[in-house]
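**Student:** Next come a sequence and a model predicted from it.
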Amino acid sequence: MNVSSQAPQYPPYAMQPPYLTNPPAPGGWYPEPGPAVVPEPAPARTVRSELRDAVLHVELDSPETGNAVTAAMLDELLAVLAVPDPAVRVIVLSGAGRDFCLGGDRDELLAGLDEDPTGGRIRSYGEKARRVCDALTNSSAVTVARVQGRATGAGFALALACDLRVGADNAVFRLPELALGLPVAWGGLLPRLLHEVGAARVREIILTGRPVGAVEAGELTILQRVVPEQDLDGAVDEWTRPITRRPEAALRVTKTLLGSHASATRLADASVLDSELMASVLAAAHYTRSLATRPPAD
């Protein structure tokens, strides 16, 4: 066999760089670079979660806003709570900073009305709130609220949706909705509160909007235990340790039974209408304000 030492011949088009699939730009081999694409920054997370053994710790983590509940926070809570992990026996809900939660983000609600005066954004927000509170109440895990400082409005609702509630001696609960022109319609709070506390006391708390301190909250079973703030974690551990040792099947069935009997005593639970009530009241108020500021017709 004769092996030629002559260099192989390539067709003329091979003189172009082989990795260029597009024709070269006029005046040069390479096209002019386009504008740099800057990726959108990831949204700041407002919920932290950590699994320690069989206990899932979920923390509202927006202390600069008093852990105000936004639509994004509700989405994050749903992502953590809506798909239960069978390995989790206890879920502990807490809030970062001085306060557990100062309620819903009113600026976001008002901005939602400006974008959609019919209240569509409010309905979506309210439906998420109901799903989050239902996820806490109906979870197969035992849910524990760890409360310090203020628990206002939506914060009150989140705490009350939990099976067990321990509060620091500086905890304060309040429902200022009526003074703000809002109905008490967030996450199914009202039927839970009526069931846990009783109609007469709930009526007085809602109509006056007065704060309920830790000692009174304990007397009303809004809290089942009150401790100095530095002892909160120890009190939570005293509850979670024995619960995590209970047989999984017995714990799950017992929680289901407790929830079923509690629901039966609530008579008619109209919390499914919470989002509609909130949206209709806010939309009506927004419309009234717009009429007041509208210039007179010529």
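**Tutor:** Perfect, thanks for sending it.

**Student:** now the spatially most central residue of the chain, nearest residue through space, not along the chain?
**Tutor:** Centroid check for the chain by C-alpha atoms, centre = their mean gives Leu74 as the closest residue, at 2.7 Å. Nearest non-adjacent residue to Leu74, counting by C-beta to C-beta, 6 or more residues apart in numbering: Lys128, 4.0 Å away. From N, CA and C alone the C-beta is placed, and that goes for glycine too.

**Student:** For the one you found, which residues are in contact?
**Tutor:** Shown in contact with Lys128 (C-beta atoms under 8 Å, 6 or more residues apart in numbering): Ala71, Leu74, Asp75, Leu78.

**Student:** just to revisit the earlier point, could you grab the helix/strand/coil label for the residue nearest to the centre of the chain?
**Tutor:** helix (DSSP: H, G, I helix; E, B strand; the rest coil).

**Student:** Show me what counts as buried in the strand or helix carrying Gly112.
**Tutor:** Under the criterion of DSSP states H and E, Gly112 resides in helix 106-115. Neighbour counts over helix 106-115 (16 or more other C-beta atoms under 10 Å) mark Glu108, Leu109, Gly112, Leu113 as buried.

**Student:** Relative to Arg192, how far out is Pro228?
**Tutor:** The gap separating Pro228 from Arg192 is 27 Å, by C-beta to C-beta, to the nearest Å.

**Student:** Looking at these two, which one has more neighbours?
**Tutor:** Counted by other C-beta atoms under 10 Å, Pro228 and Arg192 do not tie: Arg192 has more neighbours, with 20 against 11.

**Student:** helix, strand or coil for the more buried one?
**Tutor:** Going by three-state DSSP: Arg192 is helix.

**Student:** Name the nearest residue to it, sequence neighbours excluded.
**Tutor:** Distances taken as C-beta to C-beta, 6+ apart place Leu160 nearest to Arg192, at 5.1 Å, with adjacent residues excluded.

**Student:** pretty sure that neighbour contacts Leu189?
**Tutor:** Yes. If you go by C-beta atoms under 8 Å, Leu160 and Leu189 touch, sitting 6.3 Å apart.

**Student:** all strands of the protein, in order?
**Tutor:** Here the chain has its strands, by DSSP state E, at 47-52, 55-60, 90-95, 142-147, 150-152, 164-168, 172-174, 212-213, 225-227.

**Student:** In contact with Leu160, which residues?
**Tutor:** Per C-beta under 8 Å, 6+ apart, neighbours of Leu160: Ala145, Leu189, Arg192, Leu193, Glu196, Ile222.

**Student:** I'd say the second one and Leu158 touch.
**Tutor:** No. Applying C-beta under 8 Å, one finds Leu189 not in contact with Leu158, separated by 9.0 Å.

**Student:** Need the residues touching each of the two.
**Tutor:** With C-beta under 8 Å, 6+ apart as the test, Leu189 and Leu158 both reach Cys133.

**Student:** quick one on the thing from earlier: any idea of the mean pLDDT in the helix holding Gly112?
**Tutor:** Mean pLDDT, helix 106-115: 80.

**Student:** elements contacting it?
**Tutor:** Secondary-structure packing of helix 106-115 (3 or more C-beta pairs under 8 Å, 6 or more residues apart in numbering; DSSP states H and E): helix 120-138, helix 274-293.

**Student:** Also compute the angle for the shortest one relative to strand 55-60, please.
**Tutor:** Orientation note: helix 120-138 sits at an angle of 150 degrees relative to strand 55-60 (axes from the mean of the first three to the mean of the last three C-alpha atoms, to 10 degrees).

**Student:** For helix 120-138, list every residue counted as buried.
**Tutor:** In helix 120-138, counting by 16+ other C-beta under 10 Å, buried: 121-137.

**Student:** What mean pLDDT does that helix get?
**Tutor:** Mean per-residue pLDDT for helix 120-138: 91.

**Student:** Check the last one too.
**Tutor:** Along helix 274-293, the predicted confidence averages to a pLDDT of 59.

**Student:** before we move on, the earlier item: what's the closest of the strands of the chain to Val253?
**Tutor:** Of all the strands of the chain, strand 142-147 sits nearest to Val253, with 12.7 Å by C-beta to C-beta.

**Student:** which stretch among the strands of the chain comes nearest Asp233?
**Tutor:** Nearest of the strands of the chain (C-beta to C-beta): strand 142-147, 7.7 Å.
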